[in-house]
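Asker: Mind looking at a prediction? Sequence and model below.
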Amino acid sequence: MLFDKPENTVSAKREEEILEFWEKENIFKKSVSNREGAKKFVFFEGPPTANGTPHPGHVLTKAMKDLIPRYKTMCGCQVNRKAGWDTHGLPVELEVEKQLGLENKQGIEKYGIEAFIKKCRESVFKYEAQWREMVTRGGFWIDMDDPYITCTNNYIETVWWMLSKFWEDDKLYEGHKVVPYCPRCGTALSSHEVAQGYKEVEDPSVYVRFTIKGQTNTYFLVWTTTPWTLISNVALAVGKDIEYVKVKLNEEYLILAKSRLEVLGGEGEVVENYTGKDLLGMEYEQLYPFVVPQKKAHYVIAGDFVSTEDGSGIVHIAPAFGEDDYRVGKENDLPVIQPVGLDGKFTAEVTPWADKFVKSADPEIIKDLKISGKLFKSAKIKHTYPFCWRCNSPLLYYARHSWFIRTTAFKDEIIKNNDKINWFPEHIKEGRFLNFLENMIDWAISRDRYWGTPLPIWVCKDCGHHHLVNSIANLKEMGENVSDDIELHRPYVDEIILKCPKCSGKMKRVPEVIDCWFDSGAMHTAQWHYPFENKENFDNLFPADWICEAVDQTRGWFYSLLVTGTFLHKTSPYKNVTVLGLICDKNGIKMSKSKGNVLDCMSLFHKYGADAVRWSLYSGTAPWNTRRFYEEAISDSQKRYLGTLQNVYSFFVLYANIENFNPFKHNIPVAERPEIDRWIISRFNHTVEEVRKALDKFEVVWATEKMEKFVDDLSNWYVRRSRRRFWTSEGNTDSLSAFLTLYEVLVGIAKLTAPFTPFIAEDIYRNLVCKIDSSAPESVHLCDYPVSDQSLIDVELEDRMDFISRVVVLGRAARNEANLKVRQPLSEMKVVVSDSFSRNALKNMEHLLQEELNIKSVSAVEDSSSLMRYVAKPNFRNIGKGPYKGLMPQIKSHLEGADGNEVRKHLESGEYVFEIDGKPVTLKSEDVELQALASDEYSVQSDGKMSIALVKTLSRELLLEGFARELVNKIQFMRKEQGFDIVDRIRVGYEVCDADKQVDIDEAVESFGESIKEDTLALKIGAIDSEMGESAEWNINGINVKLAIAKETK
RNA sequence: GGGCCAUUAGCUCAGGCGGUUAGAGCGCUGUGCUGAUAACGCAGAGGUCUGUGGUUCGAGUCCACAAUGGCCCA
């Protein structure tokens, strides 16, 4: 045996053997090192967090991130693939807190920061083994032995260096950020966490009088649901274009929005009208003067968020406790009054309520307002308010101290760089991403947490000088007793005291760590520990030619890369980016742990094979669309593509072994091979061209479509039609051509499919090539990607075959309609042809049609008027381009009314001329489409471009042959059913049940006995005898016949 | 509230330059093959291309508005 017999099914076992082979022979590493010195295709890996199990979404990402680098490698590029791990951040901390049963930051500090971050470090790689297993088993090639890891000293050192660049350029500053904050846990919550904790509650709803300066007895009427924030009030906001009124009510004057007059309960009298603009700048008296503002405060400003849906249309502004408040506060340079501690309690300055939790102070504040006469009205309101999902405390919006990167200072450059990126799909570029960039605010990069890259800023206790440490060397130089194995994490770096360069005082580090998005966004530089080492790597491998992640990275990684790249390297760190869509279940519901609809990838790999999972992710729909992912989709794609390919491959091996065919011993130039061989070779080269074109544009799904079509053509046309050529054992040229052709095409498709389905590709290649050619590369993944040979593409031949297969489709349809099964031979098919191309094609490929349709003769007829009736229609495409463009409707109705057969005759002899509104119109045959309608004598089919007619009449001869073919069919079935071996000889007994039909069957056996015997390996056909097995009654084209068979011992 | 995407056969999806019979796979019905066989082939039925307007000789495709669903941002 020259070739190994392939497994019948795509087995997981085969894939696992291939994995072992890759591992043992280091094929991945070789695929990279082989291309040393070649043009580089730069790929950046977006680092996943390994503190959870991999999800189908990750498999999709990995699959795409594997395909393109494999393709580019085979195209001759060197594609380094350094893996990465994102290791810092709140999710990791939360996981550990849960594991340790800790409930808040106090708990962590009690537990000990050092012990805590040790646990974090362990937890980060808790699922690494599972990730490795998924990545390896999926055939996703990436260098996991030398990954970049965001929590290593090297990585952190580069991040510090990058931060220093921002610092030196005054792009890193201190400020405040209003965050949803849980005072009990002492932590800010992410928007996702906040969304989990909304509840409907009853809160106070109070209207308060703010005394206007310089006007007696006149007040702004202000509404709030958080009375405790009134102490921090610094301004009132109105809508610029909203109408306001002054109302005289009893002895006082109140100002509020005109459309909110209902607040006054229908009382009072409007004495003056304003628009918001008129009120701007008006000053009022501070409500609670516990804290004296350091800047100008307590006047009216404009706010675009002011609405008149509730309240009074005048909004109280406390920048310390509201996002909008903070923003307008900054815009108007208002002070921030924040007499509330991180524990949510008032500080000592607020004498009456010091050390009281702010929300609990509300009733007392209301009481106090009432006593002082500031309260206009007080009630309760039901609304939704966020609570901590962990401890159920009401969240406070709280301005926390934070560090920012001044991204808005180079926003224009960022947007300019975005313009140079190729986005796939394109709409993200000008849509979602640009929208995000245009609404950019400064990037709050600090986090009041433990497990993260420490913000390397030290502050002098004495003179307040700030210093940003930009390297370990710098740390050692300025710090006291920095040990050589210092770990750049809390609490170790917290303990380091620097000597102040200004006053020699002691400097301590600020407590914050940084946002882990900065970590991952720094990878283009930090993965190399640049500039401390690997300068060359950085120079050669920046920027990336291509990156690819899911759509949720638009404001994540895609953004952080672009920001850091633009600032540091003045360019986008990536040139092309493919954005992947969401993974949903069969019902279009997003796959998520909480919904319990996540498919387990490893079991899918085991059940269907990684190739099948991969193909199902590449095909079907474009990668950026939302993708429904479910088992049937995988088994479908397995059957549709891999199963078909596997079948052809097994077929080849089966017969190549029987014939002992060795492709290296024969050489038949393609030009000398039969047409059908040249056809499939042409189709192959065409497919190569299209697949390359698609992949060069990252249009993955187009490539899969072309490949599926090709494999279908190969199996269901080429092999089907050529089957008999593989059965001969005589080694004639025709048979050898077939073997050579199928061999070459199979090896070609193995290479073509290698980046997509690397396992089956390797299997085919190793068996068909390495088995007999020791000089060939040991793996398909070390080969070059097929290049389409233009000289082997024969468009005319492909068109001709296309024409023939259309004739076949029509022929089969005609048979179906006339209820004539293919087993029943027919005498004649007429094909109506009007041009020399079809006439040639028909003549040329007559035998294909005869075999495929079981028809004795195929003839071309020029004139079909006796067969069918024609209806003429304009060829819109042609006419629309010509001078009669404007007359289309008239032409259409004329042609519909005309005698189609007449029109056809005219066209055949040149042109068809008629008049519309007295003007002549001349049409050529390409301007008109003719459609045929059926007639009775024939079974006629037409597809608009051509027509065929099957002669339905059966001669005695055809009828008998039909019986014979039917008998063969039943006998073969019985052979199989009774478990005979393929080579067993038999004798056949028959008995006709309908006496008057006896003669028909007898005659059929007489005339076609030899061919029946040949096909069924029968030695004799006669009456049923007693030694034969159980007889069975069959319907042989309407005649009931009993059949029995017995083994002949020779 | 803002941005973007989607809506095509019972289901999952193609439809690249606007051209008149809108395609594929699955499912369904019928049927074939039995020397690739626990497969597979073929045929048929099945569509007001979400709706309404518009541009055009011609719209699934371009434009406007609307509806429904999704993602993101507030």
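Answerer: All right, it came through fine. Quick caveat: nothing in here was measured; it's all calculated off a predicted structure.

Asker: What score does A:Lys24 have for pLDDT?
Answerer: pLDDT recorded at A:Lys24 is 97.

Asker: same deal with A:Asp355?
Answerer: Confidence for A:Asp355, expressed as pLDDT, is 89.

Asker: check contacts around A:Glu1048.
Answerer: A:985-987, A:1018-1020 (Cβ atoms under 8 Å, 6 or more residues apart in numbering). C-betas here are computed from N, CA, C, even on glycine.

Asker: what sits against the spatially closest residue to it that is not a sequence neighbour?
Answerer: Spatial nearest neighbour of A:Glu1048, excluding adjacent residues (Cβ to Cβ, 6 or more residues apart in numbering): A:Arg985 at 4.4 Å. A:Arg985 sits next to A:1017-1019, A:1047-1048, A:1050 when contact means Cβ under 8 Å, 6+ apart.

Asker: Report the separation between the closest residue to A:Tyr608 other than its chain neighbours and RNA strand B.
Answerer: Excluding the flanking residues, the one nearest A:Tyr608 by Cβ to Cβ, 6+ apart is A:Ile634, at 5.0 Å. Look at A:Ile634 and RNA strand B: by Cβ to the nearest atom of the strand, to the nearest Å, they are 11 Å apart.

Asker: so A:Ile634 makes contact with A:Ala612?
Answerer: Yes: between A:Ile634 and A:Ala612 there is a contact under Cβ atoms under 8 Å: 5.3 Å.

Asker: Which residues lie in contact with A:Pro293 in this structure?
Answerer: A:234, A:286, A:335, A:337.

Asker: swap in A:Met162?
Answerer: Contacts of A:Met162 (Cβ under 8 Å, 6+ apart): A:522, A:525-526, A:564, A:568.

Asker: Make JSON lines out of the residues you listed and add pLDDT.
Answerer: Below are the contacts of A:Met162 laid out as JSON lines (pLDDT from 0 to 100):
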{"residue": "A:Ala522", "pLDDT": "96"}
{"residue": "A:Thr525", "pLDDT": "97"}
{"residue": "A:Ala526", "pLDDT": "97"}
{"residue": "A:Thr564", "pLDDT": "96"}
{"residue": "A:Leu568", "pLDDT": "95"}
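
Asker: Of all pairs in the contacts of A:Pro293, which one is the farthest apart?
Answerer: A:Gln286 and A:Pro335 (11.3 Å; Cβ to Cβ).

Asker: do stretch A:46-65 and RNA strand B meet at all?
Answerer: No: applying Cβ under 7 Å from any atom of the strand, one finds stretch A:46-65 separated from RNA strand B by no less than 11.7 Å.

Asker: List of residues touching stretch A:424-443?
Answerer: By Cβ under 8 Å, 6+ apart, stretch A:424-443 touches A:175, A:404-408, A:411, A:414-415, A:418-419, A:421, A:423, A:515, A:518, A:551, A:554-555, A:558-559, A:563, A:576-579, A:622, A:624, A:698.

Asker: Now the common contact residues for A:Gln286 and A:Pro335.
Answerer: Between them, A:Gln286 and A:Pro335 share the contacting residues A:293, A:297, judged by Cβ under 8 Å, 6+ apart.

Asker: Now stretch A:204-214: buried residues?
Answerer: A:204-210, A:212 (16 or more other Cβ atoms under 10 Å).

Asker: Now those in JSON lines, please, with extra columns for secondary structure and pLDDT.
Answerer: Shown next, in JSON lines, are these (DSSP: H, G, I helix; E, B strand; the rest coil; pLDDT from 0 to 100):
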{"residue": "A:Pro204", "secondary structure": "strand", "pLDDT": "86"}
{"residue": "A:Ser205", "secondary structure": "strand", "pLDDT": "86"}
{"residue": "A:Val206", "secondary structure": "strand", "pLDDT": "89"}
{"residue": "A:Tyr207", "secondary structure": "strand", "pLDDT": "91"}
{"residue": "A:Val208", "secondary structure": "strand", "pLDDT": "92"}
{"residue": "A:Arg209", "secondary structure": "strand", "pLDDT": "91"}
{"residue": "A:Phe210", "secondary structure": "strand", "pLDDT": "93"}
{"residue": "A:Ile212", "secondary structure": "strand", "pLDDT": "91"}
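
Asker: which one of these sits closest to A:Phe973?
Answerer: Looking across these and measuring by Cβ to Cβ, the closest to A:Phe973 is A:Ser205, at 85.1 Å.

Asker: Would you mind checking the contacts of A:Glu1048 for buried ones?
Answerer: Looks like the contacts of A:Glu1048 have A:985-987, A:1018 buried, using 16+ other Cβ under 10 Å.

Asker: Would you check how far apart the nearest residue to A:Asp442 once chain neighbours are set aside and RNA strand B are?
Answerer: Nearest in space to A:Asp442, with sequence neighbours left out and distances taken as Cβ to Cβ, 6+ apart, is A:Phe404 at 4.2 Å. Distance, A:Phe404 to RNA strand B, using Cβ to the nearest atom of the strand: 14 Å.

Asker: My guess is A:Phe404 contacts A:Leu172. True?
Answerer: Yes: using Cβ under 8 Å, A:Phe404 is in contact with A:Leu172, at 7.3 Å.

Asker: okay, and the common contacts of these two?
Answerer: With Cβ under 8 Å, 6+ apart as the test, A:Phe404 and A:Leu172 both reach A:Ile445.

Asker: what's the burial count for the residue in the stretch 201-350 of chain A positioned nearest to RNA strand B?
Answerer: Of all residues in the stretch 201-350 of chain A, the one sitting closest to RNA strand B is A:Glu323 (6.5 Å; Cβ to the nearest atom of the strand). A:Glu323 has 15 neighbours, counted by other Cβ atoms under 10 Å.
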